[in-house]
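**Student:** Predicted model, plus sequence, below.
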Amino acid sequence: MLRTPEWHLLIVWYFFLGGIAGGAYFTAAIADNFGSSRDRSVVRTGYILALLMIGICGMLLILDLGTPSRFLNMLGSFKFWDPMSIGAWMLGVFGLFAFVSSALSLSPDESRAALRRKLSLIGTIFGFFLASYTGVLLSATALPFWRDARLMGALFLASGASTGMAAISLLLFLSGDAAGEGFKKVKRADRFAMIFEMVVLALFLVLLGSAAAPLTSGHLAPLFWGGLVTVGLVIPLAIDLMGGWRVPAIVPAVLVLIGGFILRYVVVMTHA
Amino acid sequence: MARTLAMFTDTSLCIGCRACQVACKQWNELPMEEPLWTGSYQNQAHFTDKTYRLVRFIEQPKANGELQWLLMSDVCKHCAQAGCLDACPTGAIYRTEYGTVNINQDVCNGCRYCVSSCPFGVVAFNHDTGRANKCTFCNDRIHNGLGPACAKTCPTESIQFGFRDELAAKADKRVAKLREMGYQNAQLYGADSNGPLGGLNAFFLLLDKPSTYNLPEKPLLPQRNVLVDSVLSIGAALLVGVTAVVAFRERGGKADHDA
């Protein structure tokens, strides 16, 4: 006889966009530190996308509160064993990093680049945190399936990585940059991320065993198997591995994004 | 630190009169709620944001086929290790010097994390006020030399109030007595401070195993897995980081920023 927190679409979107924010930032940081100057568009797009997503995330969280005017009370304490407490702080810290990184990536001054690269590696830690902590948050509750999922944080992180990369490649495509080398590299990174996500998802289900039933055989099962697994992972990966298959390069990215949203949706709505 | 206060609810004495529910509503100025027919004499199926004391009617067939009720006046357990308290990010949920757990209505911002973190499903979200609430252990009464309203009003003294150590000793004697009388399944729930959740400050004497009363046999702190889950997430982050580096690095292994 437990009770659901009644988190609905506002929180589903927060989880999804927060994952993109973390994934996009970290992709930009990797491109910044290990890529070449041809990847500059990925770097800039990633940092700015992360900043935009964080801004929206903050608003989503505030709107979901029962008493939104008291959102600052989230900074009233700091409990390192409490995912929501550190999450509130980390969102702010990561926002600062995203702002500074975005500003530095827009500056034409190349002497800033070294600082930006170092900062982004630190910021990546907070980005990873944003993408994954919401999974740990769910698994620290008393509710079945959520409380049994030891890999929820890891799964959200993997999805954050793949959706962040997909979002960057979508933006590059829309801004006419799809021929660049940066775009190719993001697609390659996304392929690895998708494979990793599938592995984590498989482990996630195996570890859960029968506790995964709300996802795999409840009323959300068609969305899970059809939406996340098939549309969101298997099909885009297949298209990508078959060398594009005469499909516009952006289609797999869009499918990954849809799949990422569905993942957060089915997980959160298990306890609507 | 004052001595820990507790409520001991001896369900073997409960007659199902529900005076405790009424006293609680009256003292806390809680409104009436439409009773929901769930096939039972219970007024509500479970605690709500406006029901802090709830008498449960559990139908149980006896050996001879007749039906009996197991009656239990259920309440917030004020756990020594409280999932709600550990979950609250604003610090609104706090423990008083008496060991009881309260939600500060001036601080709570209605995130509802506590609602999902109670192993007993006690804490509820009030859609009218936009905050979470639950039994306060009559915080104002205990700070003025009185006991909780429910304990005060109970006509059979099924709900007893006092210092935790004294009540636990009484409870031990009572269980022994009941077993002597033939109630083989009489047992305490939450009396042991070495037990689950460090003991419950509102503990019970049950006449059957906890699952009969829809109580968890061994309630656990929801935050116990945070460390493991975090380590696994960090591991995933490192792995995905490696794959991204491989995807982006230039041939020759050196970042070619000026090419």
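**Tutor:** Everything's here; your move. Numbers count the residues shown, from 1 in each chain, chains lettered A, B, ... in the order given.
**Student:** ok, now which ones touch B:Ala186?
**Tutor:** Contacts for B:Ala186 (CB atoms under 8 Å, 6 or more residues apart in numbering or on different chains) come out as B:Ser12, B:Val175, B:Leu178, B:Arg179, B:Leu205, B:Leu206, B:Leu207. Quick note: C-beta positions are derived from backbone N, CA and C, even for glycine.
**Student:** residues contacting the third one?
**Tutor:** Applying CB under 8 Å, 6+ apart, we find B:Leu178 in contact with B:Ser12, B:Ala186, B:Leu205, B:Leu207.
**Student:** One more pass at 6 Å, please.
**Tutor:** B:Ser12, B:Ala186 (CB atoms under 6 Å, 6 or more residues apart in numbering or on different chains).
**Student:** where's it, which helix or strand?
**Tutor:** Element membership of B:Leu178 [criterion: DSSP states H and E] is helix B:164-180.
**Student:** That helix - what's its average pLDDT?
**Tutor:** On average, the pLDDT along helix B:164-180 is 97.
**Student:** Give the closest residue to B:Arg47 in space, chain neighbours not counted.
**Tutor:** You called it Arg, but residue B:47 is Phe. Ranked by CB to CB, 6 or more residues apart in numbering or on different chains and with sequence neighbours excluded, the top spatial neighbour of B:Phe47 is B:Val122, at 5.2 Å.
**Student:** same question, A:Lys185
**Tutor:** Using CB to CB, 6+ apart, the nearest residue to A:Lys185 is B:Phe248, at 5.3 Å.
**Student:** what residues are up against the one you found?
**Tutor:** Contacts of B:Phe248 (CB under 6 Å, 6+ apart): A:Ile30, A:Ala31, A:Phe34, A:Gly35, A:Lys185.
**Student:** per-residue confidence for the first one?
**Tutor:** Turning to A:Ile30, the model gives it a pLDDT of 93.
**Student:** Okay, buried residues for stretch A:199-206 please.
**Tutor:** Of all the residues in stretch A:199-206, those buried under the rule 16 or more other CB atoms under 10 Å in any protein chain shown are A:Val200, A:Leu201, A:Leu203, A:Phe204, A:Leu205.
**Student:** any residues touching that stretch, and which ones?
**Tutor:** Residues contacting stretch A:199-206 (CB under 6 Å, 6+ apart): A:Leu151, A:Ala154, A:Leu155, A:Ala158, A:Ala212.
**Student:** filter these by proximity to chain B?
**Tutor:** For chain B, the contacts drawn from the contacts of stretch A:199-206 by CB under 6 Å from any CB of the partner chain are A:Leu151, A:Ala154.
**Student:** could the contacts of stretch A:199-206 be laid out in a markdown table, adding neighbour count and distance to A:Leu257?
**Tutor:** Below are those laid out as a markdown table (neighbours: other CB atoms under 10 Å in any protein chain shown; distance: CB to CB, whole Å):
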| residue | neighbour count | distance to A:Leu257 |
| --- | --- | --- |
| A:Leu151 | 25 | 22 |
| A:Ala154 | 30 | 20 |
| A:Leu155 | 23 | 16 |
| A:Ala158 | 33 | 14 |
| A:Ala212 | 18 | 24 |
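**Student:** Max pairwise distance over the contacts of stretch A:199-206: which two?
**Tutor:** Spatially, the most separated pair among the contacts of stretch A:199-206 is A:Ala158 and A:Ala212, at 16.6 Å (CB to CB).
**Student:** distance between the ends of stretch B:82-101?
**Tutor:** One end of stretch B:82-101 sits 8 Å from the other (CA to CA, to the nearest Å).
**Student:** Rounded mean pLDDT for that stretch, please.
**Tutor:** Mean predicted lDDT for stretch B:82-101 stands at 97.
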